[in-house]
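1. prediction below, plus the sequence it came from.
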Amino acid sequence: MKPIVIAKNLTKSYTKGIRALDNVSLTVNQGKVLVVMGPSGSGKSTLIRTFNGLETFDQGEIDILGIKLDCNHNERKIQRIRKRVGMVFQQFNLFPHLSILENITLAPVNVQKRHRSEAEEYGMYLLGQMGIDSHAKKYPSQLSGGEQQRVAIARALALKPELLLFDEPTSALDPERINEVLDAMRRLAKQGMTMIVVTHEIGFAKDVSDQVLFMDSGKVIETSTPDLFFSNAKHDRSRKFLNQLDKN
Amino acid sequence: MKKRRAIFYQCGICIFVISVIGILINNLTINLIRTDLGFNFSWLFKPASFALAEHPLPYSSSDSYAWALFIGWLNSLKVIISALLLATFLGTLVGFARTGKNSLLGLISAGYITIIRQTPLLLQLMFWYFIGFLGLKENIFIHIKNIFKISNQGIEFYGLTLSSEFSALLFGLGVFTSAYIAEVIRGGILSVPRGQWEAFRSLGLSEQKGLFSIIIPQALPAIIPGLTSQYLNLAKNSTLAIAVGYSDIYAINDTIINQTGRAIECFIILLTSFLLLNLLISNSMEIINKIIIKSRKYN
Ligand SMILES: Nc1ncnc2c1ncn2[C@@H]1O[C@H](COP(=O)(O)OP(=O)(O)O)[C@@H](O)[C@H]1O
Ligand SMILES: [Mg+2]
C-alpha cells in the first residue's frame, strides 16, 4: 500500500483564535477514494486546498507523492506538486475566453511543454471519455453546468495526475445534472484513480469511497468505512449531520 | 402638483442657461468692438516673428502664425504620445506589483500611488524640471559610453536628444498619470473572479503565464474605459507645459495672444485643437476596444 497523501497535525487559522483546521491528520493510499463530509464552514475546502498549495497552514506537515510541505510554503515544491495533482472546483472555474479544447490543452502545452497536436489528441480522447467531444470547439458559456464540470474534470486529467481533488463538484449543479458528473467520477475511481472528494452525495460515498472523514469546526470528528459511518456513526455530531442531510 | 413643480424648475433652468449664454455673447461683442480688431483669422498668415526652441518640422521666425500653431500642436502631440506610453508602461508595472503576491513590492507600489496622487501635478512638474533636470551638474550626470546621457541639457539617447523641458514634462505627466493607470489596472485585475486564479495555479501555470493568458484577457473590458479617461486627462494636463517653458499648443497660443491681442480667435483655435486631439485619442481607444470585443468569441 503506497501512501499518496500523509497529513500530520495540520493547523490553520485565518483569523486569530478561530481554527479553520485543528490538528488534522489523515492518510490516503494509492487507488483509494476518501470522501470528506461536514457542515458548512467546518474546514473541508481549507483542508483539500492545502494539498495543492492553494492554502498555507500554520503547523504540521504534508507528504504528497513523496514531496514534503511544511508551514514555510516552499513555492518550488508546490509547483512540483501541482504538476502531479489535479483539482476540480464547485464553480467549475473554466477559462471563459478559451474554447473547451484550449481549456484542456493549456497546461499540457505550457507546463509540460508537450506538442500542441499531441496535447489536442489526448484532450479529444479525454473529452470522449467524458462524453462531450462534440463540444470541443465551443466556449464554456455555451455548455450546461454538468457539461462544464465534465470539461473541468477532463482539464484536471490532462496533466495525467496521480491524485485528484474534488471540492463539492456537484453542489452548483441542477439536480438532474448531478449524476452525469458523479458517473464520470465513478468511472475514474474504477480505473484506479486516487481521489479526495468533498461531497454530500451519500449514494456516491457509499458506492465509491474506501473511507469517510467527518469534520466539524476544523477538527476530524471521525474516520470510518462508509458502511460503518452511514449505518452506525460513532459520534453524536456525525449522526446529527446525517439526519440533517436526510431531511433535505 | 409634482409635475407642475418639475415644469417650473425646468423653465427656471432654461431661463438661466439662456441668460448666461446671452451675457457671454454680449461680452464678446463688446470686447471685439473695444479692441477694434473685429473677428477674423487673416492674421494667421502674417509672420510670427518669434523663435521656437523646439520644432519637429523646420520653423523660423519668418514663418506664419498658422505654421507656429501647427508646430505647437505637433509638440503637444509629441509629448502627449510619449508620456502616454511611459505612463502606460509604468502604470502597468506598478498595477501588477500592487496586485501581485510579493508583499514588499505591493507596499512600495501602494506608497508610490499614494504620494503621487496626493500632490499637485504642477508641483511635480516643477520638481522634475528644477530638481530632476536643471538641478543636475553642468556637465554630465549619467553617462553610459556614448549611448545614454542625462544632464541639465536633457536626455541624449543614441543621438536622439530630448530637451530638459520636454524631459521634465514627459516624466511629470508620465509618472503622474501612471499612478492613476496603476489603479485602473488593479481594478481590472480585481474584477476577475478569484476562481480563475485558483484554476490556473492548480494547473501548475506560473504566475506570469496565468496573469497574461488568463487574467489580463478577462480584465481588459474593465480596463479600457478607465485607461481612455486617463489618456484624455493626460492630454488636457499637457497644457501645464507652459510652467516649464515647453512650446506646446497652449504656450504658443499664449504668446500669440500677447502679440496680437487675438484672444477670442486663439481660444477658438485652442479649443478646436484639443477637441481634435481628444477625439483622436478616444477614437483610437474605441477602435482598440472593438478589436478586443471582436476577437473575443464568448459572451
Ligand atoms: N479566505 C478566508 N479568509 C478568512 N476566513 C476564511 C477564508 N476561507 C475560509 N475561512 C473560514 O474558515 C472556516 C472554514 O472554511 P472552509 O474551509 O471554506 O469550510 P467548508 O469548505 O467546510 O465550508 C470558516 O469559518 C470560514 O469562514
Ligand atoms: Mg467549502
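-> Noted; the coordinates are in hand. Ligands and ions are numbered 1, 2, ... in the order given.

2. got a pLDDT number for residue A:17?
-> Looking at residue A:17, its pLDDT reads 88.

3. specify the local secondary structure of the spatially closest residue to residue B:39 that is not a sequence neighbour.
-> Counting by C-beta to C-beta, 6 or more residues apart in numbering or on different chains, residue B:32 is the residue found nearest to residue B:39 once chain neighbours are left out, at 5.7 Å. For glycine as for every other residue, the C-beta is placed from the backbone atoms N, C-alpha and C. At residue B:32 the chain is in helix, as set by DSSP: H, G, I helix; E, B strand; the rest coil.

4. look up how far residue B:110 lies from residue B:32.
-> Residue B:32 is 53 Å from residue B:110, where distance means C-beta to C-beta, to the nearest Å.

5. re the thing from before, ok, now which ones touch the residue nearest to residue B:39?
-> Residue B:32 makes contact with B:38-39, B:264 under the criterion C-beta atoms under 8 Å, 6 or more residues apart in numbering or on different chains.

6. what about the nearest residue to residue A:130 once chain neighbours are set aside, how many residues nearby?
-> Leaving aside its sequence neighbours, residue A:130 sits nearest to residue A:150 (C-beta to C-beta, 6+ apart; 4.1 Å). Applying other C-beta atoms under 10 Å in any protein chain shown, we find 29 other residues in the vicinity of residue A:150.

7. who are the neighbours in contact with residue A:150?
-> Here residue A:150 is in contact with A:130-132, A:180-181, A:184 (C-beta under 8 Å, 6+ apart).

8. same question for residue A:246.
-> Residue A:246 sits next to no residue when contact means C-beta under 8 Å, 6+ apart.

9. now swap in residue B:204 and tell me
-> Residue B:204 makes contact with A:79, A:82-83, A:107, A:111, A:159, according to C-beta under 8 Å, 6+ apart.

10. turn these into JSON lines, including distance to residue A:10.
-> Shown next, in JSON lines, are the contacts of residue B:204 (distance: C-beta to C-beta, whole Å):
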{"residue": "A:79", "distance to residue A:10": "20"}
{"residue": "A:82", "distance to residue A:10": "18"}
{"residue": "A:83", "distance to residue A:10": "22"}
{"residue": "A:107", "distance to residue A:10": "27"}
{"residue": "A:111", "distance to residue A:10": "27"}
{"residue": "A:159", "distance to residue A:10": "25"}
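
11. please tell me which one of those counts the most neighbours.
-> Within these, neighbour counts (other C-beta under 10 Å) peak at residue A:107, which reaches 25 neighbours.

12. contacts for the helix or strand encompassing that residue?
-> In this structure, residue A:107 sits in helix A:100-110 according to DSSP states H and E. Residues outside helix A:100-110 that contact it (C-beta under 8 Å, 6+ apart) are A:94-95, A:98, A:114-116, A:119-120, A:122-124, A:126-127, A:132, A:135-140, A:143, A:151, A:154-155, A:158-159, B:200, B:203-205, B:209, B:213.

13. filter these by proximity to ligand 1?
-> On the criterion C-beta under 6 Å from any ligand atom, none of the entries of the contacts of helix A:100-110 sits beside ligand 1.

14. mind checking which of these are buried?
-> Buried members of the contacts of helix A:100-110, counted by 16 or more other C-beta atoms under 10 Å in any protein chain shown: A:94-95, A:98, A:114, A:119-120, A:122-124, A:126-127, A:132, A:135-136, A:138-140, A:143, A:151, A:154-155, A:158-159, B:200, B:203-205, B:209, B:213.

15. for residue A:156, give me its contacts.
-> So residue A:156 contacts A:86-88, A:164, B:202-203 (C-beta under 8 Å, 6+ apart).

16. now do the SS call for the residue lying farthest from the centre of chain A.
-> In chain A, residue A:117 marks the outermost C-alpha relative to the chain mean, sitting 28.4 Å out by C-alpha atoms, centre = their mean. Three-state call for residue A:117 (three-state DSSP): helix.
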